[in-house]
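1. Build the 3D model from these lines:
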Amino acid sequence: MINALTGLGYGIIGLAVMIGIGMVILAALGNSVGGTANTTIQTIIGYLGTSSGGLASWIPVIIVLVIGMLFLGAFFTKKGKSY
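-> Numbers count the residues shown, from 1 in each chain. A predicted model of the protein is given here:
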């Protein structure tokens, strides 16, 4: 089970890094283009970030859900086994 949690941790860190890099690249692109495109890119950055229910705000929910499923899976697989 610890191996599964380690893999989960790597996945969440990878997702957070991808969101962060994506936001930096989009901000640089918006600053270089300017105008209406910059406004649209700033809106997309808001959807990726933690404001207004963005993608990054779902990370704690995903963590709790996956850990809960791991514990349920551990209890259900031990049913019927004698040690």
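
2. and the residue nearest to residue 59 when sequence neighbours are not counted, what does it touch?
-> Once flanking residues are discounted, residue 59 sits nearest to residue 12: 6.3 Å by CB to CB, 6 or more residues apart in numbering. Glycine gets a C-beta too; all of them are placed from N, C-alpha and C. With CB atoms under 8 Å, 6 or more residues apart in numbering as the criterion, the residues that contact residue 12 are 59, 62, 63.

3. Counting only helices, which of those residues make the cut?
-> Mapping the contacts of residue 12 onto helices (DSSP state H) picks out 59, 62, 63.

4. from the residues you listed, which is closest to residue 48?
-> For the ones in helices among the contacts of residue 12, the residue nearest residue 48 by CB to CB is residue 59; the value is 11.6 Å.

5. returning to that earlier point: quick one: the contacts of residue 12 as JSON lines, columns for pLDDT too.
-> What follows is those, written out as JSON lines (pLDDT from 0 to 100):
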{"residue": "59", "pLDDT": "79"}
{"residue": "62", "pLDDT": "82"}
{"residue": "63", "pLDDT": "82"}
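
6. tell me which element residue 13 is part of?
-> Using DSSP states H and E, residue 13 maps to helix 2-33.

7. which of the residues in that helix are buried?
-> By 16 or more other CB atoms under 10 Å, the buried positions in helix 2-33 come out as 19, 23, 26, 30.

8. Tell me the gap between stretch 13-23 and the middle of its chain.
-> The chain centre lies 8 Å from the centre of stretch 13-23; the measure is CA atoms, centre = their mean, to the nearest Å.

9. related to what we said a few turns ago, list the buried ones in the helix or strand following the helix holding residue 13?
-> Once helix 2-33 ends, the next helix or strand along the chain (criterion: DSSP H and E) is helix 35-48. Buried residues in helix 35-48, counting neighbours by 16+ other CB under 10 Å, are found at 38, 41, 45, 48.
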